[in-house]
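Q: sequence isn't available, so here's the structure alone:
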């Protein structure tokens, strides 16, 4: 049995395919409104392996499906979470697969102060803190006299030139090694990580400077990247961070051993001042000569003192020897005098006896001695022929005499 | 650290010089010892000053070579 079906059930017009219908709606929706900002709370957030983000924006009475393509999503500094209040800017459209109204989000801002930057920073900071990388006790001292200094920065920027100028002036006794990296824009964190890994392979490195010049907060953002901060914290060589201006503080600044307000200040922190070292050497030279001079003066003084004491001792010895000598002399003198007196007495006695034996004494007693003219003593009568002249010696002188004739 | 073998670094020279000056200031030092320290100090001064006459800063660029090794190229100022 065949059932006959009424034919007037067929549409009077050619039907749309589903896709055509949805596409028609999409065209209407897309052309009806310019891009718009929508404020709402994120829910059902999902990130896909493709990198696209899917979520809903909701408020108490409605919700709107959203998609954010990878190329847009990766410009957002932090991945959103459910419950986060956001401003989303995009175009309304219709998702053909689900036939659902959706907002294609091009730009996403968190409504909290600082937006996603603040969120990302807080998260990265918490992660670094959890691993102890922000502990001030981790900070190492820079070597006083480095020989090889690495600089991770843009080869095009002013940072490298500033550092070269300062080092060449202050301490031109080092090797400066540039490790070029992109320091801003998309891909900068990856490139900084690559450069830091390269620097880590240079074992001779004594200090590592990481930096860039001033710029907007977005320009400096790469230095807030958690991976960059971790790579800086992992550096074997002590690190100096110089990112932006003094008022800019990035996570890289926080993990580095030393934070310098500017690249020039980083260079100044990295090397000693030649003039100061020369002054120190001069002071050491002064200290050496004054020290040894003082030591010599001291020796001299001791010597003088010893000499004084020695000569004092000698003087005392000489004086006492002199006194002894004098005493000896005195004693010797008196004993000599006594001997002399005795001698004199003996001589007197001797002289007295000699005196008694003197012929003069005999003559004193009345005797006389006759001598001829020649002085010969005339002893016998025969010595006196008549008329002979002779001399008669008596006690007090001589008398001329002549013997008598004719007797 | 890039330190030449056997040759004391500037840092070592400077801290030794400080120590020598301090010792010389101590009065109980034996005179022969003081003179030996003085001589050593003069020698350390000489080597330290020599280091400060070394030629200007050397500039290099570190890159990764094609074979994955490190390449250090000279840079001009």
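A: Okay, I see it. All figures in this text were calculated on a predicted structure; none of them were measured in a lab.
Q: C-alpha from now on. contacts and neighbour counts both.
A: Fine.
Q: nearest spatial neighbour of the residue minimising distance to the centre of chain B, skipping sequence neighbours?
A: In chain B, the centroid-proximal residue (Cα atoms, centre = their mean) is residue B:10; its distance is 2.1 Å. Nearest residue to residue B:10, sequence neighbours excluded (Cα to Cα, 6 or more residues apart in numbering or on different chains): residue B:48, at 5.8 Å.
Q: isn't that neighbour right next to residue B:15, touching?
A: No. The criterion here is Cα atoms under 8 Å, and residue B:48 misses it with residue B:15 at 11.1 Å.
Q: so what's the residue nearest to the centre of chain B up against?
A: By Cα atoms under 8 Å, 6 or more residues apart in numbering or on different chains, residue B:10 lies in contact with A:145, B:48, B:51.
Q: quick one: the strands in the stretch 101-250 of chain A?
A: Ranges of strands in the stretch 101-250 of chain A, per DSSP state E, counting those that start in this stretch, are A:148-153, A:175-180, A:207-212, A:239-243.
Q: no no, chain B
A: Under the criterion DSSP state E, strands of chain B are mapped to B:58-64, B:70-74.
Q: just how off-centre is the last one within its chain?
A: Meaning strand B:70-74. 25 Å (Cα atoms, centre = their mean, to the nearest Å).
Q: need the contact partners of that strand.
A: A:198, A:201, A:202, B:58, B:59, B:60, B:61, B:62, B:63, B:64, B:65.
Q: that strand - what's its average pLDDT?
A: Mean pLDDT, computed over strand B:70-74, is 90.
Q: and for stretch A:398-407?
A: Rounded mean pLDDT across stretch A:398-407 is 78.
Q: could you do stretch A:140-151 as well?
A: On average, stretch A:140-151 scores 94.
Q: quick one: that stretch near chain B?
A: Yes. Between stretch A:140-151 and chain B, judged by Cα under 8 Å from any Cα of the partner chain, the touching residues are A:144, A:145, A:147, A:148.
Q: and the contacts of that stretch?
A: A:160, A:173-180, A:199, A:204-211, A:238-239, A:257, A:270-272, B:1-2, B:10-11.
Q: contact residues of chain A facing chain B?
A: Checking chain A against chain B by Cα under 8 Å from any Cα, the hits are A:144-145, A:147-148, A:164, A:167-168, A:171-180, A:198-199, A:201-206, A:274, A:278, A:281, A:284-285, A:287-289, A:291-292, A:295-296, A:299.
Q: from the contact counts, what lies against the host helix or strand of residue A:345?
A: In the assignment (DSSP states H and E), residue A:345 maps to helix A:274-357. Under the contact criterion of 3 or more Cα pairs under 8 Å, 6 or more residues apart in numbering or on different chains; DSSP states H and E, helix A:274-357 touches helix B:10-25, helix B:31-51.
Q: can I get those in CSV including distance to residue A:326 and mean pLDDT?
A: Shown next, in CSV, are the helices and strands packed on helix A:274-357 (distance: least, Cα to Cα, whole Å; pLDDT from 0 to 100):
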stretch, distance to residue A:326, mean pLDDT
helix B:10-25, 52, 87
helix B:31-51, 45, 87
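Q: for residue A:91, which of these is the nearest?
A: Residue A:91 lies closest to helix B:10-25 among these, at 65.7 Å (Cα to Cα).
Q: return the set of buried residues in the closest one.
A: B:10, B:13, B:14, B:16, B:17, B:18, B:20, B:21, B:23, B:24, B:25 (16 or more other Cα atoms under 10 Å in any protein chain shown).
Q: buried among the contacts of residue B:10? Make that a PyMOL selection.
A: In PyMOL syntax, the buried subset of the contacts of residue B:10 is picked out as below (16+ other Cα under 10 Å):
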select buried, (chain A and resi 145) or (chain B and resi 48)
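Q: ok, so of the contacts of residue B:10, who is nearest residue A:116?
A: For those, the nearest to residue A:116 is residue A:145 (42.2 Å; Cα to Cα).
Q: tell me where the stretch 101-250 of chain A has helices.
A: With helices called from DSSP state H, counting those that start in this stretch, the stretch 101-250 of chain A shows them at A:115-130, A:158-170, A:188-201, A:226-233.
Q: could you say which of those helices is packed most deeply?
A: Highest mean neighbour count of these: helix A:226-233, a mean of 22 (counted as mean count of other Cα atoms under 10 Å in any protein chain shown).
Q: what angle do it and helix A:188-201 make?
A: Counting by axes from the mean of the first three to the mean of the last three Cα atoms, to 10 degrees, helix A:226-233 lies at 20 degrees to helix A:188-201.
Q: re the thing from before, may I see the helices and strands packed on helix A:274-357 organised as TSV, with distance to residue A:119 added?
A: Formatted as TSV, these follow (distance: least, Cα to Cα, whole Å):
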stretch	distance to residue A:119
helix B:10-25	45
helix B:31-51	51
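Q: widest-spaced pair of the contacts of strand B:70-74?
A: Comparing every pair within the contacts of strand B:70-74 by Cα to Cα identifies B:58 and B:65 as the most remote, at 20.6 Å.
Q: kindly state the pLDDT recorded for residue B:3?
A: pLDDT, read off for residue B:3, is 44.
Q: kindly indicate which of the contacts of residue B:10 lies nearest residue A:219.
A: Minimum distance to residue A:219 across the contacts of residue B:10 is 33.0 Å, recorded for residue A:145 (Cα to Cα).
Q: and that closest one, how close does it get to residue A:206?
A: 9 Å (Cα to Cα, to the nearest Å).
Q: next up, the contacts around the residue in the stretch 251-400 of chain A that chain B sits nearest to.
A: The minimum distance from the stretch 251-400 of chain A to chain B, using Cα to the nearest Cα, falls at residue A:291 (5.0 Å). Residue A:291 makes contacts with B:21, B:24, B:25, as judged by Cα under 8 Å, 6+ apart.
Q: buried ones in the helix or strand of chain A with the lowest mean pLDDT?
A: In chain A, the helix or strand scored least confidently by mean pLDDT, DSSP states H and E is helix A:359-364, which has a mean of 75. For helix A:359-364, the buried set under the neighbour-count rule, 16+ other Cα under 10 Å, comprises residue A:360.
Q: got it, and stretch A:23-31?
A: If you call a residue buried by 16+ other Cα under 10 Å, then stretch A:23-31 has these buried ones: A:23, A:25, A:26, A:29.
Q: pull the distance from it to the chain's centre.
A: For stretch A:23-31 - counting by Cα atoms, centre = their mean - the centre lies 74 Å from the chain centre.
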